[in-house]
Structure formats: C-alpha cells, structure tokens
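Undergrad: Provide a 3D model corresponding to the input given below.
(chains A, B and C)
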Amino acid sequence: MGFAFHRPESLDAAIGIACEHGETARFLAGGTDLIVQINRRRIAPGHLISLAGLGLESIDETDREVVLGAMATHDAVVTHPGFGKQLVALAEASAVIGGRQVRNIATVGGNIVNASPAADLVPVLMALDATVELRGRDGTCSMPLDRFLVERGRTERRPDEILTAVRFDKPPVRSATAFLKAGRRKAMEISVVCVAAHLVPGRKARIAIGAAAARTLRVPQAEALVEANGRAAFAEAGRLAARQVTPIDDVRASARYRRLLVATLVERALAACADRVEAGAA
Amino acid sequence: MSARHYRVAGKRLKRIDGLGKVTGKHVYASDFALPGMLFGKILRSSEAHARIVRLDVSRALALPGVRTILTAKDIPQIRFGTAIKDRPIFADDIVRFRGEAIAAVAATSLEIAEAAVRAIEVEYESLPAVFDMEEALKPGAPLVHAGWSDYQALPVLDRDGNVSGRSSMGGGDVEAGFARSYRVYEHRFTTQHVHPGYTEPRAAVASWDGNGDVSVWCNTQLPFDMKNLLAEVLDLPASRVRVVVPGIGGGFGGKLRVGVEHFAAWLARKSRRPVKVMTTSEEELIDAYPRQPTTILLKTGVSEDGLLIAREARVLLDCGAYANSGPATAAIALQMVAGPYRTPHFAYESVAVYTNKGATGSFRAPAGPMGNFAVESQIDLIADDLGIDPLEIRLRNVYREGDEGPAGDTLTSVSIEESLRRAADAIGWKDRKPGPGRGKGIACSWWLTTGGSSGVYVKINPDGTVTVVSGAVELGSGAMTGAAQILAEELGVDLADINATDVDTHLSPYDYGAQGSRTAFSVGNACIAAARDLRRQIGELVAPLWSVEPDSVRLEDKGVVSGNNRLSLAEVAGLSQRTGGGLISHGTAIQAMPVFDPTRVRNHPLPAWTSQSFHTHAVDLSVDPVTGEVTILRYVVAQDVGFAINPTYIEGQIEGGVAQGIGQALSEEIVYDGGRVLNANLTDYKMPTMMDMPRVECILIEKPSVNGPYGAKGVGEPPCIQPPAAIANAIASATGVRVTSLPITAEKIALGRLDEAAD
Amino acid sequence: MTRRALDLTINGEPYELAVEPHWTLLHVLRRELGMTGTKENCLEAECGVCTVLLDGKAVNACILLVEQARGRSIVTIEGLGDPEHLHPLQQAFIEHGAVQCGYCIPGMILSAKSFLDERPGRVPSEAEVREALSGTLCRCTGYQKIVDAVIAAARQMNAWPERPGNAP
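TA: Coordinates of the predicted model:
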C-alpha cells in the first residue's frame, strides 16, 4: 500500500508526473473504484496523481453541444438542470451509480476510464455518439467513445494521457433518451445488464448495452432496423441485440438471463424514448 | 392483569441506550482500543481440503513491526465446539475449508500485520474434498474429519463419519397414514447459505494483567459462554478470564460463538501486549457462522378435504467443516417441518452433514426459514391441487388450544388461527389476484421462547434511581429496555430512573445470553423476582418504623407507602445504606422444559418448546412479466407476542426480521463454487437496501403465555421465518412459477417461466 | 512511507496532521484521532456506516484518501449534537424508535442531514428518503422507523430553522 500522492497544480504538471513515473502512476479522479482496487490488491500503483482542482469539474452547454468535464461528479450530472428532457438518460444513469455518498465523489471521467463493461453512464454517452478528449505529452486529441473503449479495463488511453472531457452534440428537440438497468436489488447495484437508447424519430436510433460483453457496445444492426421501421421494430431490435451480445455466466447472473434482459430492456428503452418524444410533442 | 393498568410496561417509551447511539458516543467492541495495542491478522487457507506440508513464518517474522506469529505448533492442541469438539484454533496438519485459520500475526499496525500474513509461506498437498451433502453421505465419500470418532461430543448426538448429528421424531403409523390418504405429495426444497449481516464486524481486544489473568473486550452475544470457551482454549481456570461487552453492533445469532476473541487472547499472551483483531467483510463471508443450507424432502398425505393425515420429512443440513450448532439446528428443523399443523401420523428425520465449506451457525431462528419455506410452499401446492383456498386449508389443519405437539407435549396459549385470520384480513385475502402480474401469499409458523436461566442484581440508589446489572447483552433489539420497563413497573419508578450496566463477567450475574428470543422474557422475569425481594427488604425496613405489617408496604410513584405513611424510595434507599448496607437484590428466572413423550423423539436436545409463539405473514407483490423482478407492495405480519412490553421495539424486531427474511427470499446467498466463495464482499452479497423494503404492517396479538413477564412471549427471531415462504407463494400466485430453491431471484422466475412455456 | 503535513477542519475545529499518503479519512478519524463515532465495516463504500460530510455532502470516509480532503471541512456525528443539545435528526431517531444496535446510525443520520440540507424548507416524500438513504445499510430495523424519523426531523427543521443545531 505504498504510493506517493501528487497534487499537481496544472494539467501539464500532472502529465509531467505521469510521464516521469510511467506505468506505476495512476490518475486519481474520485477514487471510488481505484481505492477499492488498491485495497483489494488488484493494482498497486506507486504514484497517485490527483486531478482535483484542475478545472475539469464543470458541465458546460453551448447551443450545439454539451461538454462534461471528466471530474464532474455523478451527483452534478443528476442535479444538472439541463438534463431534464432529451438528455434525461444521463441523470437516470448517474442516479443509480452506488449510493449518494459515492455519487458525491465518483466522476464521469472515472466511469469511462475504468472501462468496466457494467459502467452505467457509458452506454448513455455512447448512445449520444459522445467523443472523449484526451490531453497528454503530445498535446490533445479526441476520439469517439465507441473507439476509445477496448475491452474490460482497457482503453486507448496512454498512461500519460488525461481524459479531460466528454462531449456530444445536443440532440434535436424532437428526440429522447432512456436508460434502464437490471440488478438484483433496487439500489446499490452493479448492473446485471444496462441499456441506453437514443431516438431521433425518422433520423437516428442508437442503442448501447452494458454488462453483456467485454465492453459496452452498440448494436448497429438493431439500430438500423429501428431507423428503417420505427416503433414496429422495437421488439425485433431487442431480439437482434440479444443475439449480438456476448454475455458471460458469473455470480450475478447467467448469460442466458442476460440475453433475455438485453432483449427486453432494449425494447423497453426504445419504447420509453418513443413515448417521451410523443409526450414532448403533445 | 391487562395492559391498560400498567404505568410503564406496555408503553411506547424511548430506549434507555438511545442517546449514546445517536451521538456517536456509544462505544462498540470495534471502537475499543488500549494504549500500546497491537493489531492482529489471520492467515487463511487457500485450499478446501489439504494437508499442510510446509509452513514457514520466518520471512514474515523478520518484517519490522511484527511482534508475534502463532501457528498450531505454538499453542496446545485443543479442539473446541458447541456440540462436538471438532475445531482447532489453527489448522494443525489438515485444512478443512478454504478460509480456515492457519496462523495469526500481531504487529504494530494493521498494514504490517497484513504484509506479514502475505509473507508466510504455505505448501499444501491436496486431499479429496466433498462439497455436496448427498455426496458426503455416500459410502466411501472423503471424510471431512478422519478422526471424528475420537472427538468429545454431547451424548445426545448420533454421529457417524460425515454425519455430525442425526435426529428424529415420529408418531402414529406413517405408512398406514399414506395408505389411507386421498393424495400423497412429494416435493424437494433447497435453501442457501445466508450471512447474519450485522453491520459491526466481529472484534476483540485482549489484554493480560500482572496476575496472568486475561480480559477480553468483544462483541459476543454470550459473554459467559465466551468466558468458558476462552478458558478452555487458553487452558486456564475460568475465573481468570474476564469478558466485557462494551457495545455490540448487531448479532442475529452470528456472534454467539467465538470469532476472533481466541486469536486476540493468544496473540496478546505471546506478545505481552494488548492485541486487537477485527474481521473484514471478506473474512465474514468465508469464515463466520452463516445460516446452514438445507435440502428438505417432504412427503405429505391428505384427505380429500385437505386434512393432513401423514407426513414424512427428511432434512439434510450442511454444517460445513465444523459442526458448531448444526446438529441442534437440524433437530429443531423437525419441529419446523411439522409446522403449526395437526398431523396424526409422522416420521421426521434430520441429518447434519460435514462438507469442506466454511462452518455455519445459528442465524436468527435457526432452522426456521428453511423448514417453513418447505412446509408452507408445499401446503400451497396441495391447496392448489385440491382446489382449496390456501388460507382455508391452513385453518383446517392448524393447532388448537390443548393439542399435542409433535413430541407429545400439550400446547397452550395457541393463537395460530387468530394470526391467520387477522393477517389475511389485513392483506385483503378475498382479492388474491388484484391484477396481472400481482399476487398475494400467506405463510404461518410457530417458534419457541428459549429457556436457560437469568440472574440480575438490582440496586436502589439513594437518589432514587435504580441500577440493574445483568449478564445479558443488549444486541439492539431493545430487550434490555423491555426488561427495564418491567423493573420500573414493579418498583413504581419511571423508565428514566433505571440504569443498565454493560456486561462484565467478573461483575455481572450469570445469564444464558442474548439468544433464542429470550432476553426480555427471561431477564424480565428475573427483574420481577428481584423486585419482589426488594419489596420484602423494604417492607422489613420500614414496617417497624411505622408499626405496620411488612406485607402492607407497597411501592408506588417513586415512594414506599403503607396506609398514610409514605417515604420516597430515595429516602428508604439512603436509610438502608446507613443501617443495612443498601438495597440490593438478586433475582433469578428459569423456564423449565414441558413434559413430553420420550418415545417420540430420538437425539433431540430441544424436543418440546416452551412459551411458543404463533405468527402469520401475508404479502402482496408484483412481478415483472419478462425480467422477473419482484416488487413488494404490502407486507403484513400478525404475531402473537403474548404481551407487548414496548410495542415500538417489537415492531422494530418485526420490521427488521422481515427485512432479513426478504433478503433470504429474494437476494442473499453466499455462493460457493466447490469450496470457494465467489462473492466474499458486500458488492455481491446483497442485503436489502432501503429501496428494497416495503413498509411492514404489524399486528400485535396478545394471547398471554403462562411463563413470560406479564404474559410476554419471545419476539425476536420469528419475524425472519416466513418471508421466503410467503413471498414464494405470492410469486406463484402472480406468475404460475413455483420456485423451490432459495433465493428466488428474478432470474429464476424469468427463466422458470420460459422453461414452462417451452414444455 | 514519509508523512506529510495536512490541514483540515473537523467539526469546525482546525486540525494539523501528519499523514501517510494511503491513509483514508476513516483511518485518520478512528485510529489517529480516536473519533470512533464514525463506524467501520465493509471498507468498500457498500454499507455506509462510515458516512461523514465533506463540505456538507455525504461521502464514504472508508474510500476517501485523507489527501482528497486536504483543506476541506468534515462533519462527523460528534459534531452534530450532544446529549443536551440534540440535532432534530438525532432527536427524531430516538423518538421514532429508529435506533436498534445503532452501528449504522451515525452514518444514517449524516446521510439524512446531507439530503435534507440540499432541500431546505421541504418535507421529503417517503420515496425520496428511501432513494437518498439507500447507500447506507441497516440490518436491524427494516428501515421503516428510520424513514419516519427523517421525515419527522424535516418537519421539525422547517418549523424551527433558526435553531442552532439546524445550521448546516
């Protein structure tokens, strides 16, 4: 349990420390997962580099887009006034991550960089075609979240790179999102399956699924089916999605049950989107 | 005497230990510390059944800050155990489950102790292991204890190889009964390991004094049992062991037996420093005293109108690697498979089985939820098949006043019919299927109030307050507040005038302990006896002053009264201190076992129950048609408490017991893969959260017992018995899917429905 | 491991500590400062008994490095009220029978305070209380009387907002 704690005063300083210590350094966001992993001796970093106080906490909106700072907490997402309507899935997902005590500390960036296939906010961001912004030794770059995630616990991030923000285009007024999660309890659950959907009727459908493969994944064929056929295809899209995921048997659920959940939650999330669009139009 | 005449008893008064608990000032065992204290950690086996061929602590011992390391070689070879002395402190040459203690380290910090544990080198030679009860019972199965026959054990036990105990009960002629039956039903039910889930880990601080005596501050439910156990494993006279319970963060039966106290005491002895040992969640889930898993086979013959004629039952109960209370729990399962039902012909057998898994124990109502799940699920299946309403079939079969229990004892104060009717009314039983995916379920049961003796010292202080010294631990249930209410009632003072001390086995009178729904009952009776003696002392003190008969002296309104004479209780206590050493008494209570028919019972330590309670649970729930997710909408408990000493805390017992029962019904399970626990953390051991719990509507029935204080019956354990059965029945009603294994996860319901549709 | 100086405020009082980098806030409170009102159990943010307020918001002290609290303000149960001057939440927990073994209660009360302080002047619904407090497990009570106590305390705090114990 011996690590050095660094509290850099700028992003560049943070990157410098990371470069200096290479693989033995880890950036610390909220730490709600990292500290548990250290305590369980799954990882043993020599250096923790705090990202607190570096200006990554804000949630900003322009006319075109939304930018979530990597250090924005889940509580900040839940209480953000702009996430009431088309973007309500963001709040729905952040609201079911751990207990309040965790949501007051745990961050958007941590949820992404962890690359847990069961991360709750990630499917929503993926359904919104979000892009992650990275800053490292060689400057800044951005890439689609869908590309950023590689597999359980692995991303395209290099050790010196800080995920600074995640951004996505504001969806049109006539659109909706929905997030659904299944777990054994009604709170304090790591998802057995979670599903986010984003629907712009007549134009775009996005479906992202968590805890049903080695990473959060989209199901493009199911999306195309919905884009072509609308509400009539929701059930079939669910069945298609269930065939595309590759869930595992573990202590939380069997693969067979996870597929059943995928089929159902995809259909329901799409239906929730469609209902929300109609309710918004009414 | 009816409740309305009491001033203190029966009232919703505030608990006597509340202030310290809401301000963070109440000190629990896990908070306790001594200057210069070391921290202990345990090295645990990574194998389920193996011979230790090499154990090398030298590298660990060399770490700076490590003060002592103990293994089996460093201490006397003593085996201990509740029913069978089968368990060593540290595995000697054989480990019998994954997680068994092999060595203990004391170091100047917890981090150093943990590092030292990792630095101990162990090599194993695997032995054939057995994890499944049925496998363990087969001829030629690997023996968990090759030397089982040499162990000391209670004479009542019938043991053999992997069988740590076998019990039976029988009456009538069961084969003839089946032959006469209209239909005979056979079903198999299984239940899981569940952890008591106390929020405070088990913790102990041990310190040896200059005389070579040891004090242990710990969170045990049974301080006197602990004192004796520690004396045994430390090879000391019991008088040289002192156990103090400063405070305890829940127990539920999981803190009855030694947890870390023996490690702390041995480490402190060898290191000559105080040592603290405390469990982690991981340790709790691999080596504690969870509820035993069971497999229950029920064969029941009934008449055309649903009367039970004959029943055969076989209960297999998985003790894990060490028997602990398993044999007694398996025996109690016999009363549970009888249910609160008249059954003329019966043959019940239970077998407690060793396997290479963690030891188990007496979680709240041991055997209760398991037996009830089987019996109350089956009676619904029978009712469905015969086209009889589930409430009606129960009403036709339940015990009536004066009936014989399974051991031939005479049942009194029987209230099962009233509890059934009141719970059914409250849940709206007439409308059993209020809508699609909705269903209601009902389950009833009975339970005992455990005997054992209690003593209290009661002292009246010259400021008019009263101190009660008891050997019973306040687990949180409010039992000691209840006993104090009875004492206040008897002495004519207010509850606020009563102080209760912590338990210290050097100072406190004996108590059989906080177990078996007995604390308020038994300590309350001891308080009545103590008060009676104080009234006598006071009468003898003031009678000559007033020239009255001692018998005419009464205690009321904080005063001593006879005719027109009155002195305050404070004045009389002061007078006694000046003239006679003060007002102090020793009250005792014991509940005797009722008369029973020994020919009906074999190898059963608790064949007939005293001061039984009767209770019914009813639930209204909905089930997601696809995912199987269960949402409990309403939950009703009608429980006979005999006399509600403090209704608020009785409701608290019911609400909390139901929560544990709902956990067992729907979400909790220690999952083993062979000998390995797959979910040794609170992320995946899933106790109900606030979002999972419905409101629980409590109906308190007061049919007085003959023995309890003011007619009270045991309250604490019963509420966790029926939730699995009531919920299983409601789910079957809502979905048509009958799940016969616990927990009833959403997955089992959803896949069960798919499989039924496919058939 | 070398220790570093660290300032933080606990229950309104400044503390200057020398800490090791891996120490959690829970370790500092319980082991270094002897403030055992904050409880210890799962150490993985699953049970909530270690809940304290960090700048007014409920957090799990078991997985918060004390370095993350550097310069910030902590409130523990010891800072809420004493037996002579109970906070309305403490009072309500006693009056409603919400306390049994009591081990979860400090964390539960601080979770409730964080929640109620976010919404001054409002009495929450039962569902809102259950959602807000679901990160703290209680094994004794079944939660019902805790929920009742929190709602009753909210009423009390709204009726007497100026009471000293009610200040955030």
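
Undergrad: quick one: residues contacting the nearest residue to B:E702 once chain neighbours are set aside.
TA: Nearest residue to B:E702, sequence neighbours excluded (Cβ to Cβ, 6 or more residues apart in numbering or on different chains): B:F643, at 5.5 Å. Using the backbone N, CA and C atoms, a C-beta is placed for each residue, glycine as well. Neighbour list for B:F643: B:3, B:9-10, B:702, B:704, B:708-713 [criterion: Cβ atoms under 8 Å, 6 or more residues apart in numbering or on different chains].

Undergrad: give me the element B:F643 is part of.
TA: For B:F643, there is no host helix or strand (DSSP states H and E).

Undergrad: also B:V353?
TA: Per DSSP H and E: strand B:345-354 holds B:V353.

Undergrad: so in that sheet, which strands flank that strand, and in what orientation?
TA: Strand B:345-354 pairs in its sheet with strand B:163-171 (antiparallel), strand B:308-320 (parallel), by DSSP bridges.

Undergrad: that strand: how far from the chain's middle?
TA: How far strand B:345-354 lies from its chain's middle: 21 Å, per Cα atoms, centre = their mean, to the nearest Å.

Undergrad: how close does B:A365 sit to chain A?
TA: Applying Cβ to the nearest Cβ, to the nearest Å, the value for B:A365 to chain A is 23 Å.

Undergrad: and that residue, which of the three is it?
TA: The local conformation at B:A365, judged by DSSP: H, G, I helix; E, B strand; the rest coil, is coil.

Undergrad: next: C:L53.
TA: Three-state call for C:L53 (three-state DSSP): strand.

Undergrad: surely it is in contact with C:S114?
TA: Yes - applying Cβ atoms under 8 Å, one finds C:L53 in contact with C:S114, separated by 5.8 Å.

Undergrad: so what's the spatially most central residue of chain A up against?
TA: The residue lying closest to the centre of chain A (Cα atoms, centre = their mean) is A:V122, at 1.4 Å. Taking Cβ under 8 Å, 6+ apart, we find A:V122 in contact with A:111-112, A:145, A:149, A:208, A:210, A:216.

Undergrad: next helix or strand past the strand holding B:V353?
TA: Taking DSSP H and E, what comes next after strand B:345-354 is helix B:368-386.

Undergrad: how many degrees apart are that next one and strand B:308-320 in direction?
TA: 150 degrees (axes from the mean of the first three to the mean of the last three Cα atoms, to 10 degrees).

Undergrad: using CSV, write down the CA coordinates of the helix or strand that helix B:368-386 is followed by.
TA: Downstream of helix B:368-386, the next assigned helix or strand under DSSP H and E is helix B:390-397. Provided in CSV are the C-alpha atoms of helix B:390-397 (Å, rounded to 0.1, in the frame of the first residue of the first chain):
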residue,chain,number,x,y,z
PRO,B,390,-54.6,-21.6,0.8
LEU,B,391,-56.0,-19.8,3.9
GLU,B,392,-58.8,-22.3,4.2
ILE,B,393,-56.5,-25.3,4.1
ARG,B,394,-54.4,-23.8,6.8
LEU,B,395,-57.3,-23.1,9.0
ARG,B,396,-58.5,-26.7,8.7
ASN,B,397,-55.2,-28.0,9.9
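
Undergrad: which outside residues touch helix B:390-397?
TA: Contacts of helix B:390-397 (Cβ under 8 Å, 6+ apart): B:305-308, B:341-343, B:379-380, B:382-384, B:386, B:417, B:420-421, B:424, B:429, B:441-442, B:444, B:729.

Undergrad: return the most buried member of the strands paired with strand B:345-354.
TA: Most buried of the strands paired with strand B:345-354 by mean neighbour count (mean count of other Cβ atoms under 10 Å in any protein chain shown) is strand B:308-320; its value is a mean of 25.

Undergrad: so for residue 159, what's the pLDDT?
TA: Because you didn't say which chain, this covers chain A. What the model reports for A:P159 is a pLDDT of 94.

Undergrad: chain C is the one I meant
TA: pLDDT recorded at C:A159 is 80.

Undergrad: how much space between it and C:A132?
TA: From C:A159 across to C:A132, the span is 21 Å (Cβ to Cβ, to the nearest Å).
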